[in-house]
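> How does the following fold in three dimensions:
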Amino acid sequence: MTTTDSRNSTVASTPAPRRRNPAPVILIVAVILLAVYYVVIGISGALRSTTAVPVHGPNTASGSYLQLRMSVQDIDLTNRVVQANVLPIPHGNLVGTKAGEISKSLRIEVSSGGVTTSVVTFPGQSVVDATALTLTLDRGDTAYPFDQPFANFQLSVQNDKTGAAVPFEVDLSNSARPWVLDATRSSSAVQNGRTLVPVALDGHRDALTIVIVLFYVLAILFTTLMAVVTIGSAIIRRKLEFSNVIWLSATLLSFPALRSAMPGAPPIGTTLDFVFLFPCLCLVAIMFVWTGAHILWRESTVLRQKHLDDESNAGGS
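Next up, the predicted model:
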């Protein structure tokens, strides 16, 4: 009796094993992830309030000149066009007697893709309104989300009566988020009696959009890896269940939804689809078909038997 009591007291006095509290590590990881998020937000310029686009090159004018205020509204990579609005603002002797009027008749031409896409004529003493323009993009969306479309176009401003060139400067603004734009104005050249000014408009997606797209790609890859490990271990242990089929079917349907949820997602057919999405879809689809066929064959064994054992008779005997 004494021996039993001493053993119990020894067990009671032995301290219970303790494991390390993971809360500090989880807190540190959460803080690091938040810090990385705010760094990405700061670098990407997502919180910038200005929409001004820098224009490099000779883009200054003085005296009597025209300011072309161009606002990019949309960048359509599917149709490879840029939608923009242009508002001419006169300065010097070009200002009319009333507010918003222009004193002389001016002709504004925009050439893009080798053809003249827009010609706007403003009669003298008329009110100037914004005009919609369509520019041709020279690159599509196959490199999404690292695509860098650019548009090369030419501007020409002339006196509609005399044909003399009118000096102008370009003022660009960007309303097509999340694109980051940059423009370069080159030296003018005379062609067929017109003074043409080449302008190159370059664009790329901001860093926040790229990070979000990469997060979706990692989610697709990680889910595919989980499917391979889960189904592989179930096959080795011979524990395939109908729940595995349901999980694979849900995974198969979730990948296109994740693809559509990517910011600014173009139609199917980009490099990202061929490198990541399609292989993952094919792998999950193969596992889904094989797992479903295996379970169907296994569970239909009783339906393929010619004779059934009477369980009640077998139990009574």
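> Quick check: next helix or strand after the helix or strand where residue 196 lies?
Per DSSP states H and E, residue 196 falls inside strand 194-205. Counting by DSSP H and E, the next helix or strand C-terminal to strand 194-205 is helix 207-236.
> Strand partners (parallel or antiparallel) of the strand holding residue 196?
strand 150-159 (antiparallel), strand 179-185 (antiparallel), strand 189-191 (antiparallel) (DSSP bridges).
> mind putting the ones you listed in CSV, distance to residue 128 and mean pLDDT included?
C-beta: built from backbone N, CA, C; applies to glycine. Supplementary listing: the strands paired with strand 194-205 in CSV, determined by distance: least, CB to CB, whole Å; pLDDT from 0 to 100:
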stretch, distance to residue 128, mean pLDDT
strand 150-159, 12, 89
strand 179-185, 22, 91
strand 189-191, 26, 84
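> Now tabulate those strands in CSV and tack on mean neighbour count.
Shown next, in CSV, are the strands paired with strand 194-205 (neighbours: other CB atoms under 10 Å):
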stretch, mean neighbour count
strand 150-159, 19
strand 179-185, 19
strand 189-191, 10
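> With distance to residue 288 added, can I get those in TSV?
TSV is the format used below for the strands paired with strand 194-205 (distance: least, CB to CB, whole Å):
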stretch	distance to residue 288
strand 150-159	42
strand 179-185	38
strand 189-191	61
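> and residue 284, which of these is closest to it?
strand 179-185 (33.1 Å; CB to CB).
> starting at the chain centroid, how far to the closest one?
Relative to the centre of its chain, strand 179-185 is centred 18 Å away, using CA atoms, centre = their mean, to the nearest Å.
> For the strand holding residue 196, give me every contacting residue.
72, 75, 82, 109, 111, 135, 145-156, 158, 165, 168, 170, 172, 178-186, 188-190, 264 (CB atoms under 8 Å, 6 or more residues apart in numbering).
> and residue 295, what helix or strand is that in?
Here residue 295 is assigned to helix 278-299, by DSSP H and E.
> by contact count, what packs against that helix?
Counting contacts by 3 or more CB pairs under 8 Å, 6 or more residues apart in numbering; DSSP states H and E, helix 278-299 packs against helix 207-236, helix 242-261.
> can you pull the buried residues of that helix?
280-281, 284, 287-288, 291-292 (16 or more other CB atoms under 10 Å).
> Stretch 222-233 too?
Neighbour-count burial for stretch 222-233 [16+ other CB under 10 Å]: 223-224, 227, 231.
> Then stretch 119-135?
120, 122, 128, 131, 133, 135.
> do the same with stretch 85-95
Applying 16+ other CB under 10 Å to stretch 85-95 flags 85-86, 88-91, 94 as buried.
> and which of those residues is nearest to residue 235?
For the buried residues of stretch 85-95, the nearest to residue 235 is residue 85 (60.3 Å; CB to CB).
> Can you say which helix or strand has that closest one in it?
Using DSSP H and E, residue 85 falls in strand 81-90.
> Give the pairing partners of that strand; include direction for each.
Short version: by DSSP bridges, strand 81-90 pairs with strand 66-76 (antiparallel), strand 131-136 (antiparallel).
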